[in-house]
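In: next input, structure requested:
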Amino acid sequence: MSFSWETRPAPSLTLRRRTRTRTFALRLPHPELIGLIALAGTLNLWALSRNGWANDYYSAAVRSMSTSWHNFLFGSLDASGVMTVDKPPLALWIQSLSVRVFGYHSLSILVPQALIGVATVVLVYDLVRRRFGRIGGFVAGLALALTPITVAISRHNNPDALLVLCCVAALWFTVRALEAAPARAQTRWLVLAGVAVGLGFETKMAVALMVVPGIVAAWLWIAPAARGRLHALRQLLAGGVAMVLVGGAWPLLVELTPAADRPWISGTSDNKIISLISEYNGVGRIDGQTGGPGGLGGGSVFGGTAGPLRLLNSALGGQAGWLLGFALVSAIGILAASRLRRSDPRSGWLIAVGGAFVVTAVVFSEAKGIFHPYYVSLLAPFIAMLTGAGAAQLLKGGGSARIVGPLAVVAGIATELAVLGQYPGELTWLVPILIAVGVLAALALAAFAERRVRLATLGVVLAALLIAPGAWAADTLGHATSGTFPAGGPESAAAGGFGGGPGGRSGFSGGGTGRAGFRAGGVGGVQLFGSGGTSRSTGTGQGASEVSGAQAGGPPAGAGSPILPAGGAGFAGGRGFGGGGPGGGGGPGGEDLSNEVLSYVKQHGGGTIAVASQSSAASAIISQDADVAGIGGFSGRESDVSISWLAGEVAAGKIRWVLASQSGSGAGRLPGDTRKGSSVAIADAAKVCRKVTVSTSTLYDCQGRASQLLSTQQSKS
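Out: The predicted structure is shown next:
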């Protein structure tokens, strides 16, 4: 028996142990990969506990899911299994299993998310390394690890971290299929790519399909050269079947389960899973949906105005747009160098990765439905991969590199200056450095062909381009990345800049953990929503000023809205909807879910309290494990529940109490918002259930009143 160290031509260090029977090989990671893992791990895990429960909505669901396998299976927000969350449960399954093992606390929820972020960086490194070498892989992994929104979602419990991992894994499997020689191996890798897309669908539904067009195009272009187009179609069909089987498993389970035996599907008006897939989490996000930002004529509230420059505006640019110009020109350079020849191994890689980039960028730029800035976390790995591949390609030199190199540098510097220009006062000292480095680097790449000169030049350029996103990524660690909408960068950027388009910036006003106002610039300076307090907007564009919920244009204090329901916590303080907590003045939807209400219910036989919005219920579930269920969806308007359904829940003993809400008043609605949510059912419950006044709250005891509730429905029909 002996040990020997050897360096293989393949990029790895190998430790062999020889015996008489077999050989074991331990392949050690490359030093640059170890460095990337350390960097991503530090950014994702450092002071992670300061983020608390992050998004209360999902943390509450994890608590309910970790105590009941029925709730676990269907993704119920509440312990009684009344209503699901408005996303499929795969990401929450991972968090719930962690809670079952390590107990219910914030780190048992957030650490798996941080590790998922590290795994994505590793996959991006290897995906680029396999085709463009270790330097390209390192640049790609570094670019992704330092992308502010990547750090933010990896420190948060929204499902986007897992979505990104699944989509990157699908591309990684596709590249492995393109490399494989035997047809059977190719098919196996394509099936795994389909499984990865299916898992992404089980994480966040239709958005996971963004990578599919590029995968299909790459395979149909490259694979027929070996065994013909018909065989390539069969292989794609196998991958597609795997995608449908995996992605459709949970929706099929929900569809086949009788409605009485499962929770209501949040985000739907008909309690059908197909509605959640095709409308709320589907085409409605692109074409616009009832009560969404499209009703304002452009989506300025979330993500800025749709259009070709959207990805560089104040809402999205600082999150993932820093390297956009360099990545785009790099893709064009690889396209010119490979000319998409089937014999060139770069062609299939570029079609798959570049296709995912183009489809995602176009859809995100033109989406007119509800679009949150953290969605660009899906675009970040594609930008990073094209950046790494472009850097490696430019390092190789050649005639085209002397043209593409300067263009990539100029585009990269111009893009970064455009993004910095959206944030006055941010990193102003960096601007002259970027300009000087850009000019000198462009001249050097055009004039010199020596590898050492190009390596030094590209190193300086990329280091300069990564200063700003790196600083923002580090800034993300300095404040709580929590609330409904995670954001990377300094606290001022996380609290504001969520709207904004060409006409100005907009943002959420800072409200701490009390009642907060909402301010939207870039929409003609009109105040859209406000609530009980007075707070200062962080936006600096059109119409930014100190605003109050009492000002004209805002709904009365306590009124809800489909985007920022009243009574929730302010965003600058690091908390999102439902931040008030019991006794904190209520949550979204206007309910006063106070400690007095919870104590009264406990002293009078217990039972589930139905409130308008799930966001209202979330903080009570987290802090007190309260038996509270939101019956109108996230904000109280997304799920138009029927009175007959409520009667059935009362008859089954799932709901006993109904807490009065102001969410049905119509105040704070966006133009075109015709949703009723929970308002009709709660109003009918108020007619037939026994009224109880607890402090300043109005509660209705519906025990034994199921038939009376049903009669109100019958009288209307």
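In: now do residue 397, the pLDDT please.
Out: Per-residue pLDDT puts residue 397 at 77.
In: which residue is nearest the centroid of this protein?
Out: residue 160 (3.4 Å; C-alpha atoms, centre = their mean).
In: I'd assumed residue 375 was in contact with it.
Out: Yes: with contacts counted by C-beta atoms under 8 Å, residue 160 reaches residue 375, the gap being 7.4 Å. Heads up, the C-betas are built off the backbone N, CA and C, glycines and all.
In: quickly find the element holding residue 629.
Out: strand 628-630 (DSSP states H and E).
In: tell me the mean pLDDT for that strand?
Out: Averaged across strand 628-630, pLDDT comes to 95.
In: whichever strand or helix holds residue 453 - contacts with which helices or strands?
Out: Residue 453 belongs to helix 451-465 when assigned by DSSP H and E. In terms of contacts (3 or more C-beta pairs under 8 Å, 6 or more residues apart in numbering; DSSP states H and E), helix 451-465 is packed against helix 380-396, helix 401-420, helix 430-447.
In: for residue 224, grab the count of nearby residues.
Out: 15 (other C-beta atoms under 10 Å).
In: now the strands for the protein?
Out: 2-7, 13-18, 23-28, 507-508, 518-519, 534-536, 546-548, 609-611, 628-630, 657-659, 690-694, 697-701 (DSSP state E).
In: that older thread, which residues touch the strand holding residue 629?
Out: 77-78, 80, 82-83, 589, 593, 608-618, 620-621, 636, 654-655, 678 (C-beta atoms under 8 Å, 6 or more residues apart in numbering).
In: tell me the contacts of residue 207?
Out: Taking C-beta under 8 Å, 6+ apart, we find residue 207 in contact with 163, 200, 281, 285, 375, 378.
In: for those residues, give me CSV that also has distance to residue 109 and neighbour count.
Out: Listed next are the contacts of residue 207 as CSV, based on distance: C-beta to C-beta, whole Å; neighbours: other C-beta atoms under 10 Å:
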residue, distance to residue 109, neighbour count
163, 17, 28
200, 20, 33
281, 22, 20
285, 26, 23
375, 21, 25
378, 21, 26
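In: mind picking the lowest-pLDDT entry from those residues?
Out: pLDDT is lowest at residue 285 among the contacts of residue 207; the value there is 74.
In: what sits against that one?
Out: 206, 207, 367, 369, 370, 371.
In: now with 10 Å, please.
Out: Contact analysis of residue 285 by C-beta atoms under 10 Å, 6 or more residues apart in numbering lists 205-207, 279, 292, 363-364, 367-372, 375.
In: ok, and the most crowded of the residues you listed?
Out: That'd be residue 371 among the contacts of residue 285, by other C-beta under 10 Å, with 27 neighbours.
In: ok, that one touching residue 313?
Out: No: if you go by C-beta atoms under 10 Å, residue 371 and residue 313 don't touch, sitting 11.8 Å apart.
In: quickly list what's touching both of those two.
Out: Residues touching both residue 371 and residue 313 (C-beta under 10 Å, 6+ apart) are 303, 304.
In: contacts only, for residue 132.
Out: With C-beta under 10 Å, 6+ apart, residue 132 has these contacts: 139-140, 334, 345-346, 349, 385, 388-393, 395-396.
In: just the buried ones among those residues, please.
Out: 139-140, 334, 345-346, 349, 385, 388-393, 395 (16 or more other C-beta atoms under 10 Å).
In: give me the low-pLDDT residue ranges for the stretch 251-400 of the chain?
Out: Along the stretch 251-400 of the chain, the parts satisfying pLDDT under 70 run over 288-302.
In: pLDDT below threshold where in the stretch 451-600 of the chain?
Out: For the stretch 451-600 of the chain (pLDDT under 70), the answer is 494-592.
In: run the last query once more with 90
Out: Residues of the stretch 451-600 of the chain that meet the criterion pLDDT under 90 lie in 481-485, 491-595.
In: CA atoms of stretch 84-103 as PDB?
Out: Extracted in PDB, the C-alpha atoms of stretch 84-103 (Å, rounded to 0.1, in the frame of the first residue of the first chain):
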ATOM      1  CA  THR A  84     -51.500  27.800   1.300                       C
ATOM      2  CA  VAL A  85     -48.800  30.400   0.500                       C
ATOM      3  CA  ASP A  86     -48.900  31.700  -3.000                       C
ATOM      4  CA  LYS A  87     -45.900  29.800  -4.200                       C
ATOM      5  CA  PRO A  88     -45.200  26.100  -4.600                       C
ATOM      6  CA  PRO A  89     -43.600  24.600  -1.400                       C
ATOM      7  CA  LEU A  90     -40.200  23.200  -2.500                       C
ATOM      8  CA  ALA A  91     -38.000  26.000  -0.900                       C
ATOM      9  CA  LEU A  92     -40.200  25.900   2.200                       C
ATOM     10  CA  TRP A  93     -39.900  22.100   2.400                       C
ATOM     11  CA  ILE A  94     -36.100  22.500   2.700                       C
ATOM     12  CA  GLN A  95     -36.500  25.100   5.400                       C
ATOM     13  CA  SER A  96     -39.100  23.100   7.300                       C
ATOM     14  CA  LEU A  97     -37.000  20.000   7.300                       C
ATOM     15  CA  SER A  98     -34.100  22.100   8.700                       C
ATOM     16  CA  VAL A  99     -36.500  23.300  11.400                       C
ATOM     17  CA  ARG A 100     -37.500  19.800  12.300                       C
ATOM     18  CA  VAL A 101     -33.900  18.900  12.800                       C
ATOM     19  CA  PHE A 102     -32.500  22.000  14.400                       C
ATOM     20  CA  GLY A 103     -35.600  23.600  16.000                       C
END
